[in-house]
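>>> Predicted coordinates and the sequence they were generated for:
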Amino acid sequence: MMTRKPSNKKSPTRKFNSRSIHKGRSYTAKELAEICDIDESVVHRWRREEGLIPIDNQTPAMFYWQTVKQFLDHKNDSRKMPAGKDGDFPCFGKCKLKRRAFQNQVVIVKRNDRLWNAKAICSYCGSKMNMGVPACDFTLNITWGYQVVEELPKFSIIGTTNPSSTTTDKAGYKTNKFSPLEAIAFCPENERIKHRYFDRVIHRFGKDKGSLRKIISSILVFEEFNNFSNFKTFGYEVAKEFQKFLTDKYKHSPQSAYRIMQAVKEFFLWLKEQKGYKRLEYDDIKSLRLSLKDTEKAKSSKPRKVVDLDKWEEMILNIDPKNEMELRGRAIFACLISTGIRIEALLSLKIGDLNLQENYIFQDSNHVNTKFSQSHKTNLWKFKPEIKQFLIDWVGLLKEEHGFTDDDPLFPKIQITANSLFQFEKDGFKKEFIKQPEVIRKELAKQFSNANLDYYTPHTVRHSLTAMFMGFELNPEQLKAVSQNMSHKSLETTLNSYYQVHEFRKDQIIDSLDIEKLKRLRQIKDNPKYQFIISQMLDESMIDKVFELVVSEGKQKEGSQ
């Protein structure tokens, strides 16, 4: 007996997400098929029959991002069904419209206590129709005027409201062929060479997709400035004018101007090595730079904001959750302050990553979105025990009430369901990861508002933790342990990027630096007769206190004489 070979054909896609098309690049048919989750042959059919226009007549065919976006929006709009009256069923037969049930008779199939599935026959074309309806006879009988029966009536043209519509030609429902809304400016040769460059950015330069998106946007800024002229026309005057353009456009954000300029410069340095672009001059490419003054502005860091962690801790303890969603929010805030974890990593944590018995979280880079894809073990900071208890209670709720396992997300998505009145409401959790950090930021802003505190971003917790530990006057070994627990490569990263001495603290430190006292203290420490004392004392802080006491006593003797 022969077995049928499994088919590789994909199921038809009903709706396309045009937001997945990135601004500033072109796509091949293969790339477009992967994004839309369709077969590559469908993209070629769009080109032949439905009006999707390539950038040129060369192979492989490539499609400009703006054209693709408009085409996908056109496809989605053409599938939209015009709105009907309340109680009309969507007819996906010949009508492609919302229609009344034939002879006002429906058959009910009960899904659950809230929702029923109503089946009917289209009164125009006789196609079968389905629709979810509230689980109550009142809406069907009184509001919509339908009669619930056990079997659907047999369709006949005599009983239809509009018999002529049953013979409607199917060609009348064909959608209009796509045509761009307006002329789109781009250079086909630029698009092809950019596509080669973007493909090599990941492999040759080792950059991730997030960096690639910034590079694409930066090169698009240059193209828009240069009116999409061919890259071969680049010269010194273009570089000079582009510098003025960026300085004026991003005068309030020199960091953005510097990032764009560097990305464009790296692209042209690569372009100089390619066939057909060797006439570009290195001196002209090196002219793609900001002034020294603007470069220093871009590299200088702004003062870091810090929040009083005592207030943050008090805010968490005062949260009075009314439902499971607020319990999730409290657990997220408890995890943020207990670990100082980055928000991208927090959203991708699994329950098994949290070891409450050993008091740590293991950020496994195989599934946790860590910086530079490095795995880290992060111990929980010892705040008030209630903070840790919130995490214990949260994990217990997920496992006992919702059947979650160690492989499921620690902070899952909220399940949205429809109630009996067709209103959406929150109902438990899905075993899916939260994808947008904005969900956490909005919840955090809400809790800050309830506590009458100014809003701080989740990353502020990391700076606040660093500032707090620096205020404890830790020894070098303790500082290094704190740095490692913050997932920093070195202590230099902690001190330079995450810690800054505030003005009021700097004034206190400078005022306390008595130069004469420090000189005398150094002389005493260098005295050979104190070397034995130093060798017998293990605590460096105790050594400093003893010598400070000797210095102060010496000053008192001098004063008495």
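Cool, the structure landed. Residues are numbered from 1 along each chain as shown.
>>> State which strand of this structure is the longest.
strand 424-433 (DSSP state E).
>>> Could you chop this protein up by domain?
12-80, 89-161, 185-299, 309-470, 514-560 (automatic domain parsing).
>>> quick check: mean pLDDT across the first one?
Per-residue confidence for domain 12-80 averages out to 87 on the pLDDT scale.
>>> Just the buried positions in the helix or strand that E386 is a member of, please.
If you go by DSSP states H and E, E386 is part of helix 385-401. Of the residues in helix 385-401, I387, K388, F390, L391, W394, V395, L397, L398 count as buried by neighbour count, 16 or more other CB atoms under 10 Å. For every residue, glycine as well, the C-beta is placed using N, CA and C.
>>> ditto for stretch 245-259
Using 16+ other CB under 10 Å as the burial criterion, the residues of stretch 245-259 that qualify are F245, L246, T247, Y250, P254, S256, A257, Y258, R259.
>>> any idea which of those is closest to E438?
Distance ranking of these against E438, using CB to CB, places S256 first at 20.9 Å.
>>> so Y455 sits right up against E443, yeah?
No. Contact criterion CB atoms under 8 Å: Y455 and E443 do not qualify, at 11.4 Å.
>>> Compare these two (neighbour count), which wins?
The neighbour comparison of Y455 against E443 (other CB atoms under 10 Å) goes to E443, with 17 against 13.
>>> quick one: low-confidence parts of this structure?
Across the chain, the ranges flagged by pLDDT under 70 are 1-14, 81-84, 157-176, 204-206, 301-304, 418-425, 473, 489-561.
>>> where do the helices sit along the stretch 301-450 of the chain?
Assigned by DSSP state H, counting those that start in this stretch, the helices in the stretch 301-450 of the chain fall at 309-317, 324-339, 343-347, 385-401, 438-450.
>>> residues making contact with the second one?
Identification of contacts with helix 324-339 by CB atoms under 8 Å, 6 or more residues apart in numbering yields 309, 312-313, 315-316, 319, 321, 341, 343, 346, 361, 378, 380-381, 383, 387-388, 390-391, 393-394, 397, 410-412, 414, 426, 428-429, 440, 443-444, 446-447, 458, 461.
>>> Quick one: buried ones out of those?
For those, buried by 16+ other CB under 10 Å: 309, 312-313, 315-316, 319, 341, 343, 346, 361, 378, 380-381, 383, 387-388, 390-391, 394, 397, 410-412, 429, 440, 443-444, 447, 458, 461.
>>> Next one: the residue nearest in space to the middle of the chain from I343, what distance?
Residue closest to the average C-alpha location in the chain (CA atoms, centre = their mean): Q436, at 4.6 Å. Separation of Q436 from I343 (CB to CB, to the nearest Å): 10 Å.
>>> ditto for F186
36 Å.
>>> again with L97
46 Å.
>>> Over to N130?
Taking CB to CB, one finds N130 at 42 Å from I343.
>>> what's the answer for Q363, then?
Relative to I343, and taking CB to CB, Q363 is found at 13 Å.
>>> which residues does N76 contact?
K15, F16, S18.
>>> repeat for K426
N323, M325, I414, Q415, I416.
>>> I'd like to know how many residues surround the first one.
Residue crowding around N323 was assessed by other CB under 10 Å; the count is 8.
>>> got the phi/psi numbers for it?
phi -150, psi -180 (degrees, to the nearest 10).
>>> Nearest spatial neighbour of it, chain-adjacent residues omitted?
K426 (7.5 Å; CB to CB, 6 or more residues apart in numbering).
>>> That neighbour pairs with what?
I416 (DSSP bridges).
>>> Now do R19 against S26, distance only.
17 Å.
>>> quick one: the strands in this protein?
Under DSSP E, the chain gives strands at 26-28, 62-64, 89-91, 97-99, 105-110, 115-121, 128-134, 147-148, 354-355, 360-363, 376-379, 412-418, 424-433.
>>> Run the chain-centre distance for the longest one.
On the basis of CA atoms, centre = their mean, to the nearest Å, strand 424-433 is displaced by 19 Å from the centre of the chain it belongs to.
>>> In that strand, which residues are buried?
F429, F433.
>>> before we move on, what about stretch 335-344?
Quick answer for stretch 335-344 (16+ other CB under 10 Å): C335, L336, I337, S338, T339, G340, I341, R342, I343.
>>> Just the closest of these to I285, please.
R342 (35.8 Å).
>>> which residues does the closest residue to that closest one other than its chain neighbours contact?
Leaving aside its sequence neighbours, R342 sits nearest to K371 (CB to CB, 6+ apart; 6.5 Å). K371 makes contact with R342, A345, S487, according to CB under 8 Å, 6+ apart.
>>> do I219 as well
G24, K194, A263, V264, F267.
>>> Nearest to F155 among these?
For the contacts of I219, the minimum distance to F155 (CB to CB) is 52.9 Å, reached by G24.
>>> isn't the closest one right next to K214, touching?
No. At 10.3 Å, G24 and K214 do not qualify as touching, with contact defined as CB under 8 Å.
>>> which of those two has more neighbours?
Just comparing G24 and K214: by other CB under 10 Å the higher neighbour count belongs to G24, 19 against 14.
>>> How many residues are close by the spatially closest residue to the more buried one that is not a sequence neighbour?
In space, and not counting its chain neighbours, G24 is closest to L220: 3.6 Å by CB to CB, 6+ apart. As a burial measure, L220 scores 19 neighbours (other CB under 10 Å).
>>> Next: K293.
Neighbours of K293 (other CB under 10 Å): 10.
>>> Please renumber the chain so that the first residue is 39 from this point on.
Shifting the count to begin at 39 puts that one at K331.
>>> and the gap between it and K192?
85 Å.
>>> now swap in V344 and tell me
75 Å.
>>> Give me the more crowded residue out of those two.
V344 (20 against 10).
>>> Correct me if wrong: the more buried one contacts T498.
Yes. In terms of CB under 8 Å, V344 counts as a neighbour of T498; the distance is 6.7 Å.
>>> quick revisit: quickly name whichever of the contacts of N114 is closest to G164.
The closest of the contacts of N114, once distances to G164 are taken by CB to CB, is K53, at 26.9 Å.
>>> What ranges does the stretch 39-188 of the chain have for its helices?
Under DSSP H, counting those that start in this stretch, the stretch 39-188 of the chain gives helices at 67-74, 78-83, 103-117, 175-176.
>>> Pull the contacting residues for the closest residue to L250 other than its chain neighbours.
What sits nearest to L250 in space, not counting adjacent residues and going by CB to CB, 6+ apart, is V239, at 5.4 Å. V239 sits next to K245, S249, L250, I253 when contact means CB under 8 Å, 6+ apart.
>>> which residues make contact with the helix holding E424 from outside it?
Contact partners of helix 423-439, identified using CB under 8 Å, 6+ apart, comprise 351, 354-355, 362, 365-366, 368-369, 372-373, 375-376, 389, 392, 394, 397, 418, 442-443, 446, 448, 450, 467.
>>> Verify the stated contact: F306 with I323.
Yes. Assessed by CB under 8 Å, F306 is found in contact with I323 at 4.6 Å.
>>> which residues are in contact with both of these two?
F272.
>>> Report the contact partners of M167.
F127, P128, C129, F130, R137, A139, K157, A158, I159, C160.
>>> switch the cut-off to 10 Å
Contact analysis of M167 by CB atoms under 10 Å, 6 or more residues apart in numbering lists 126-131, 133, 136-140, 144, 156-161, 190.
>>> Thank you kindly, that will do.
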